[in-house]
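Undergrad: Test case, fold it:
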Amino acid sequence: MSVATYGPVSDLKYLNWSKHPITFSKANQWSDILYLGCFPLILDPIIKDVHFQKVLIDGASTLNILFAGSLEELGLKKEDLTPMDSSFWGIIPRKASLPLGHIILSVKFGTAKHFYVDYINFLVTDFNTAYHAIVGRLVLAKFMVVLHYMYLVLKMPIEQGVLSLLANLDVAYNYEKESFALVEVIPLEDLEIPTLEATRASTKSREFKEVVLVPGDQSKTARIGANLDPEDALVSFLREHVDVFAWKPMDMLGVLRELIKHSLNVSATAKPIKQKLRRFTIDKKEAIRVEITRLLATGFIKEVYHLDWLANPVLIALKEED
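TA: Got it, this is the predicted structure:
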């Protein structure tokens, strides 16, 4: 995966209420916390129109999860969900979970006077845990949330200033015990680390042989494994579909731009840089000339003029078997 980086932007659009600085100090320590970082950050937001007491704020999760019991408390049914067929991991040890579906619900953090409300897309599971729901990292970023796990405090900017939400240490302790109790009832074999299988010896043969796909035309051949069994079925299949092969660049008709197109995601403010001219030996120059001539003839490339942005050709030696 490539990440585009940009320089300073002249017309930068700031996020809502980012003018309010968020800081932490000893004034945020609202309790004597003996085991720093050992307890989860649990808050009590209003989801849709129900005040839930056990919502886990998980900055390490990329998912927002609503558990089966919470769906019932909201008065919703499976028919209200949008179906999905992708599974996720991380809740049940060593097992994938297939959601019942997903649903977008309003979530309100704060008090009647000072609050922030927005919409969250929840995955809905068919099982329960010690929590009503889990709010993950993507939503925390959307809300511009800053967490402090030592103080068990969550802060986010709102129109009036900074909203500070304190977790309940007793609640966090009790629900953590409940989570451990749920883990203890999971069969032991589900918690064991699976043993690695012995490395299998490669069954691939590096021996090849050429077969003629068009009888009488020795230029139209294909390489297949020398030890294939049965061989006749593959050769017959290739000969039956010989029209799909491109024997020379001119046979390749290209791909419609409506289907796929490559582009360079370069900032309009970036200044192109001309590479230093690279010198090639005579044999490499000839290889470059032959290849460029072929590509020009087939219409794969065309000549253009960039006075400020030039890149040297790069030669890559292919292995014989490639």
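Undergrad: chain center to stretch 152-160: distance?
TA: In terms of Cα atoms, centre = their mean, to the nearest Å, the centre of stretch 152-160 is set 28 Å apart from its chain centre.
Undergrad: and the next element down the chain from the helix or strand of the chain with the lowest mean pLDDT?
TA: Within the chain, judged by mean pLDDT, DSSP states H and E, the helix or strand with the poorest mean is helix 188-191; its value is a mean of 49. Using DSSP states H and E, the helix or strand that directly follows helix 188-191 along the chain is strand 208-212.
Undergrad: For that next one, C-alpha coordinates in PDB please.
TA: C-alpha atoms of strand 208-212 as PDB (Å, rounded to 0.1, in the frame of the first residue of the first chain):
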ATOM      1  CA  PHE A 208       9.000 -27.900 -18.600                       C
ATOM      2  CA  LYS A 209       8.400 -28.900 -22.100                       C
ATOM      3  CA  GLU A 210       7.000 -26.900 -25.100                       C
ATOM      4  CA  VAL A 211       3.800 -28.000 -26.900                       C
ATOM      5  CA  VAL A 212       2.600 -26.600 -30.200                       C
END
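Undergrad: what's it packed up against?
TA: Under the contact criterion of 3 or more Cβ pairs under 8 Å, 6 or more residues apart in numbering; DSSP states H and E, strand 208-212 touches strand 221-225. To be clear about C-beta, it is placed using only N, CA and C from the backbone, and glycine gets the same treatment.
Undergrad: List the buried residues for the strand it packs on?
TA: Buried residues in strand 221-225, defined by neighbour count with 16 or more other Cβ atoms under 10 Å: Ala222.
Undergrad: Check stretch 58-71 too.
TA: Of the residues in stretch 58-71, those scored as buried under the neighbour-count criterion (16+ other Cβ under 10 Å) are 58, 61, 63-67, 70-71.
Undergrad: Next up, the contacts around Ala155.
TA: Not Ala; residue 155 is Lys. Each residue near Lys155 by Cβ atoms under 8 Å, 6 or more residues apart in numbering is listed here: 22, 24, 145-146, 148, 162-165.
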